[in-house]
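Asker: Here is my input, please return the structure:
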Amino acid sequence: MTPHAAGPAALVLTLALLATDASGSSPVFGSDDPQVARALGCRSHDGRWRLAAHDAPPTVLLFDSQDRLHRTWSVASRNGRTVSRIADIVDARTRRSFIVALRDIAELWEISYDPLAEDFHDGLVHDFRMGEGSPVRGFLNPRRIAIPEPLSSLYVDDVSTEVVGLAYALNPGKATLHWINLDVRRRVALLPLDGTPLPGAGIGFDRHGLRLLALPHAHHPVIDVIDVNAARLIKHLVLPAGDAASAWLVDPQTLATMAAPGTPAPRCGAN
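Answerer: Sure, this is the predicted structure:
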């Protein structure tokens, strides 16, 4: 979502309230619908690369700025025995990389589009032009991050090395956010919340020296405001019942809300 200037002393944030189906799955994030899953994709902030997901068979496809296919990876576990759909793809612009959440395997993949990215060892991500056991070039190759459980909707802060992801809910109406540090490559924090917050639809902002994240919910007209660094809930904003607005403005100084005109901007580059 994109920030909107509202004068020299204020910034107003636009957040969309997203609908879900009866199972609780968002129609955009972590969908079980193959047609939706195939539409998942993200363009790099510099416009040079586009990463897309395909479910049949499960693959990740990398295109250049002219939409020419550059590389394809099969999405499978390290031993190749389990394949996975893609839950979400986001652009970590400050790291110059894509972050991919796998739907059926407890992993994130980081694919750097920085030509100076460090090489790494992981011979089991299969690009059939590469051999096993040799260092993998860090540029435009997936690097696995093992996590405790699969995540769906992802948020990457422009000023942080951490990803915030939503775990698939085991109990309706309950959610758990996971903080994954991309440098140490492991989970570093958890935050249980009521409802169905969607990190991928959120936006970060600064307030009183804190880095905050405003998260809309899928099921109800609710926005949660999270302290990103401390992984704690700052405020639970309940929007007016029965309002038909699909987007809301949140003043980051007062946290006051109001219905927003128009349609929110896409969360990632055009696919």
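
Asker: Distance check, Leu140 against Leu61.
Answerer: Plainly put, Leu140 is 12 Å away from Leu61 if you go by C-beta to C-beta, to the nearest Å. The way it works is simple: take the backbone N, C-alpha and C, and place the C-beta from them, glycine included.

Asker: repeat for Ala247
Answerer: Per C-beta to C-beta, Ala247 is found 31 Å from Leu61.

Asker: what about Leu140 and Leu61, which has more around it?
Answerer: Leu140 (19 against 15; other C-beta atoms under 10 Å).

Asker: Identify the contacts common to Leu140 and Leu61.
Answerer: Residues touching both Leu140 and Leu61 (C-beta atoms under 8 Å, 6 or more residues apart in numbering): Arg71.

Asker: Which parts of the stretch 51-200 of the chain are strands?
Answerer: 58-64, 69-74, 86-92, 97-102, 107-112, 142-146, 151-156, 162-167, 174-181, 186-194 (DSSP state E, counting those that start in this stretch).

Asker: In JSON lines: these, plus mean pLDDT.
Answerer: Converted to JSON lines, these look like this (pLDDT from 0 to 100):
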{"stretch": "strand 58-64", "mean pLDDT": "96"}
{"stretch": "strand 69-74", "mean pLDDT": "96"}
{"stretch": "strand 86-92", "mean pLDDT": "95"}
{"stretch": "strand 97-102", "mean pLDDT": "97"}
{"stretch": "strand 107-112", "mean pLDDT": "97"}
{"stretch": "strand 142-146", "mean pLDDT": "95"}
{"stretch": "strand 151-156", "mean pLDDT": "93"}
{"stretch": "strand 162-167", "mean pLDDT": "95"}
{"stretch": "strand 174-181", "mean pLDDT": "95"}
{"stretch": "strand 186-194", "mean pLDDT": "96"}
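
Asker: Next, format the ones you listed as TSV and append distance to Ala230.
Answerer: Converted to TSV, the strands of the stretch 51-200 of the chain look like this (distance: least, C-beta to C-beta, whole Å):
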stretch	distance to Ala230
strand 58-64	33
strand 69-74	36
strand 86-92	21
strand 97-102	22
strand 107-112	22
strand 142-146	22
strand 151-156	16
strand 162-167	12
strand 174-181	10
strand 186-194	8
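
Asker: Out of those, which is closest to Thr257?
Answerer: strand 186-194 (18.0 Å; C-beta to C-beta).

Asker: tell me which residues of that closest one are tucked away?
Answerer: Within strand 186-194, the residues scored as buried using 16 or more other C-beta atoms under 10 Å are Arg187, Ala189, Leu191, Leu193.

Asker: how close does Ser44 get to Tyr168?
Answerer: Distance from Ser44 to Tyr168, by C-beta to C-beta: 27 Å.

Asker: Neighbour count for the two, which is higher?
Answerer: Ser44 (20 against 15).

Asker: quick one, what contacts the more buried one?
Answerer: Applying C-beta under 8 Å, 6+ apart, the residues near Ser44 are Arg50, Leu51, Asp91, Arg93, Arg96, Phe98, Tyr113, Gly269.

Asker: Any stretches of this structure with poor pLDDT?
Answerer: 1-39, 123-133, 241-246, 260-271 (pLDDT under 70).

Asker: What segments of this protein are helices?
Answerer: Secondary structure of the chain (DSSP state H): helices at 34-39.

Asker: how far does stretch 86-102 stretch from start to finish?
Answerer: 5 Å (C-alpha to C-alpha, to the nearest Å).

Asker: Beta-bridge partners for the residue positioned nearest the centre of the chain, please?
Answerer: Centrality entry for the chain: nearest residue to the mean C-alpha point is Leu154, 2.3 Å, by C-alpha atoms, centre = their mean. Beta bridges link Leu154 to Gly165, judged by DSSP bridges.

Asker: Give me the distance between it and Arg186.
Answerer: Distance from Leu154 to Arg186, by C-beta to C-beta: 16 Å.

Asker: and Asp157, what is it in contact with?
Answerer: Val164, Gly204, Arg211, Leu213, Val228.

Asker: ditto for Ile223
Answerer: Leu15, Ala214, Leu215, Pro216, His217, Leu237, Leu239, Trp248, Val250, Thr257.

Asker: Keep only those of these that are in strands.
Answerer: Per DSSP state E, strands hold the following members of the contacts of Ile223: Leu15, Ala214, Leu215, Pro216, Leu237, Trp248, Val250, Thr257.
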